[in-house]
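Asks: The sequence and its predicted three-dimensional model are supplied below.
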Amino acid sequence: MDFVEAEGDSIDSAIDNALKLLGVPRDKVTIDVLSEGRKGILGFGAQKAKVRAALRKAALEPTKDGGAAEPVDYAALTETAVSVLGEILQRMSVAASVGQKSTAAGAEIILEVKAADSGLLIGRKGQTLEALQYLVGRIAGERQGSEGPHIVIDIENYRERRRKSLEDMALRLGEKAKRQRKTVTVDALSAADRRIIHAALQDDPWVTTKSLGQGSYRRLLIIPEGDRKIRDEAIPAGHEPVPARPQRRGGQSRGAPKPAKNEG
């Protein structure tokens, strides 16, 4: 079972239910929020929150006999990817050259395209570039016969510029969500863009981020609920803070004994 859909009274409880069904910890899955749910009025019209939890794919998957899959031939996969991308660009009648960027071994294969009309290949918000990357990854991966490393296509350092732009936007919207104490919604983001925003805000204890919707381009929610998380971590389980007793004017506590009158 690669993924499950689960419901709960809240998003967190729906995620917990999905993890129980899959039998894995939180860091082994990716979560997409399908519905935030709603409380309804006087119990009517209430809807449960719903999420989809999908198992993360490992670079090496076990075979039927329990052994490990064959190691990926990175040189052959890179050569295949370069050839596939070059053929696609040629069929698009785009004059361009394709090379490989150096990366950490085993992490990903980055192909760098140099073309006169780079804007045409990037497209609006990188959509054409994402489509090219998807095609090359599928074709080259199938020819290699393995999932292999992630194939990335870059044009004129667009990926890095896009990453910085999204990180700046994530920090700005995160501050807005905390300041206004309202959930901020970012529409129509690709999976790669959503991952960048998730990563940019994952260490901020005052906000959480969740994907919402279906399809390749989904909404992302920036939720200002970190104050609750800080409080829950600071207070031991089973203990609740004692509310301060309200004060009357002049600093005297309500219900305090009155001073005795002078009888003489």
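Replies: It's in. Everything numeric in this text was worked out from a predicted model, so none of it was measured.
Asks: quick one, strands of this structure?
Replies: Ranges of strands in the chain, per DSSP state E, are 3-8, 29-35, 49-55, 96-101, 108-115, 150-155, 184-189, 208-212, 218-223.
Asks: Including distance to Arg162, could these go into JSON lines?
Replies: C-beta: built from backbone N, CA, C; applies to glycine. Putting the strands of the chain into JSON lines (distance: least, CB to CB, whole Å) gives the following:
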{"stretch": "strand 3-8", "distance to Arg162": "28"}
{"stretch": "strand 29-35", "distance to Arg162": "21"}
{"stretch": "strand 49-55", "distance to Arg162": "24"}
{"stretch": "strand 96-101", "distance to Arg162": "15"}
{"stretch": "strand 108-115", "distance to Arg162": "14"}
{"stretch": "strand 150-155", "distance to Arg162": "10"}
{"stretch": "strand 184-189", "distance to Arg162": "11"}
{"stretch": "strand 208-212", "distance to Arg162": "18"}
{"stretch": "strand 218-223", "distance to Arg162": "15"}
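Asks: what number of residues lie near Pro25?
Replies: Neighbour count of Pro25, defined by other CB atoms under 10 Å: 8.
Asks: For it, grab phi and psi.
Replies: Dihedral pair for Pro25: phi -80, psi 170, per degrees, to the nearest 10.
Asks: one step back: for Leu77, find the nearest of the strands of the chain.
Replies: In terms of CB to CB, the element of the strands of the chain nearest to Leu77 is strand 108-115, at 6.5 Å.
Asks: Quick check: Leu221 vs Lys28, distance?
Replies: Separation of Leu221 from Lys28 (CB to CB, to the nearest Å) stands at 22 Å.
Asks: Those two: which is more packed in?
Replies: Neighbours were counted for Leu221 and for Lys28 using other CB under 10 Å; Leu221 has more, 19 against 13.
Asks: list the contacts for the nearest residue to the more buried one once chain neighbours are set aside?
Replies: Of all residues not flanking Leu221 in the chain, Lys210 sits nearest, at 4.9 Å (CB to CB, 6 or more residues apart in numbering). Neighbouring residues of Lys210 by CB atoms under 8 Å, 6 or more residues apart in numbering: 11, 31, 33, 220-221, 223.
Asks: pLDDT at Lys210, what is it?
Replies: At Lys210, the pLDDT value in this model is 88.
Asks: ok, now Asp168?
Replies: Predicted confidence (pLDDT) for Asp168: 95.
Asks: next one: Ile122
Replies: Value for Ile122, per-residue pLDDT: 90.
Asks: can you count the residues close to it?
Replies: Neighbour number of Ile122 under other CB under 10 Å is 21.
Asks: Once you drop chain neighbours, what's closest to it?
Replies: Closest to Ile122 by CB to CB, 6+ apart is Leu129, at 5.0 Å.
Asks: How much space separates the one you found from Ile223?
Replies: Distance from Leu129 to Ile223, by CB to CB: 30 Å.
Asks: So for the two, which residue has more residues nearby?
Replies: With neighbours defined as other CB under 10 Å, Leu129 and Ile223 compare such that Leu129 has more, 23 against 17.
Asks: For that one, give me the pLDDT.
Replies: So Leu129 comes in at 90 (pLDDT).
Asks: Please name the residues that touch it.
Replies: By CB under 8 Å, 6+ apart, the contact set of Leu129 is 121-123, 153, 155, 158.
Asks: which among those end up buried?
Replies: Buried members of the contacts of Leu129, counted by 16 or more other CB atoms under 10 Å: 121-122, 153, 155, 158.
Asks: rewinding a little: just the contacts of Leu129 now: which is nearest Glu79?
Replies: The closest of those to Glu79 turns out to be Ile153 (CB to CB; 15.2 Å).
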